[in-house]
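Undergrad: build the 3D model from these lines:
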Amino acid sequence: MSSETGSAARIPRHLAVIMDGNGRWAQRRRRPRVIGHRAGARAVNVCVDFCLAKGIEVLTLFAFSSENWGRPEDEVGALMKLFMGALEREVDELDRRGVRVRFIGERERFSDAIVARMDAAEAQTAGNAKLHLVVAASYGGRWDIARAARLLAQDVADGKLRPEQIDEQTLGGRITLSDLPAPDLFIRTGGETRISNFLLWQLAYTELWFTDLLWPELDAATLQRAIDDYSGRERRFGLTGAQLAAPDETPE
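TA: Okay, the predicted model is just below:
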């Protein structure tokens, strides 16, 4: 979990975002849904720019869920073309700006060409540290937890671990992004108020913020409103407000 609590929490270290509303944005303009996805790609740049300007350490974007494979074949195909194009266009600029790119999800479900681009993007930007940009693609929170459980089960079968040694910390260490701070703030655009199988383990103590704004309409002012709201919240992590307000009496 994040180390920041109470009034000290002003800027989140880790921002997680569900980018919802591309299709509806296009439909309201009587355009194909793919046009909305293209417009949504520009909003990603707005979000990256904002995080770099504010000093946010990690940005995790829900780009394509495990369930999205069930969408119409033509829409999935268009999304894959957009994904491939973004990897070709954006990585050099992200690298120049000091952004490290990572992907989480069932990578094996993508074509060999897309997987190769993912691998290349991660390798090219591996040494960067200004912002960790995590792209959740073919990702589901239940898949993430099940995968971690399988890894632990294999360790038990191999005699490397005893069942009674498995606890929250052990399981959490096998969940994706365990090497990064847990999300402090979650934002979802598009008017829906659910987390939709996104980072189920990681969002346990995350502050949630929802807006009716559709993803292609995202701007820095909206992101700032979310940050301002977050800054006014008291993050207690199971403690009381009085405990957080008490001075540290630990002897030096």
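Undergrad: is L87 in contact with R117, as I believe?
TA: Yes - here L87 lies in contact with R117, judged by C-beta atoms under 8 Å, at a distance of 4.1 Å. For the C-beta atoms, the positions are set from N, CA and C on the backbone; glycine is no exception.
Undergrad: contacting residues around the closest residue to M19 other than its chain neighbours?
TA: Of all residues beyond its chain neighbours, the one nearest M19 is W215 (4.5 Å), with distances taken as C-beta to C-beta, 6 or more residues apart in numbering. For W215, the set of contacting residues under the criterion of C-beta atoms under 8 Å, 6 or more residues apart in numbering consists of M19, D20, G21, N22, W25, G40, A43, T189, G190.
Undergrad: could you count how many residues lie near the third one?
TA: Residue crowding around G21 was assessed by other C-beta atoms under 10 Å; the count is 26.
Undergrad: in contact with S111, which residues?
TA: When contacts are counted by C-beta under 8 Å, 6+ apart, S111 touches M80.
Undergrad: what helices and strands are in contact with the lengthiest helix in the chain?
TA: In the chain, ranked by residue count with DSSP state H as the criterion, the top helix is helix 73-96. The helices and strands touching helix 73-96, judged by 3 or more C-beta pairs under 8 Å, 6 or more residues apart in numbering; DSSP states H and E, are helix 33-54, strand 58-65, helix 112-125.
Undergrad: pick the most deeply packed of the ones you listed.
TA: Between the helices and strands packed on helix 73-96, strand 58-65 has the highest mean count of neighbours, a mean of 23, where neighbours are mean count of other C-beta atoms under 10 Å.
Undergrad: check the offset of that one from the chain's centre.
TA: Mean-position distance between strand 58-65 and its chain equals 4 Å (C-alpha atoms, centre = their mean, to the nearest Å).
Undergrad: what's the angle between that strand and helix 33-54?
TA: Our comparison of strand 58-65 with helix 33-54, counting by axes from the mean of the first three to the mean of the last three C-alpha atoms, to 10 degrees, yields an angle of 170 degrees.
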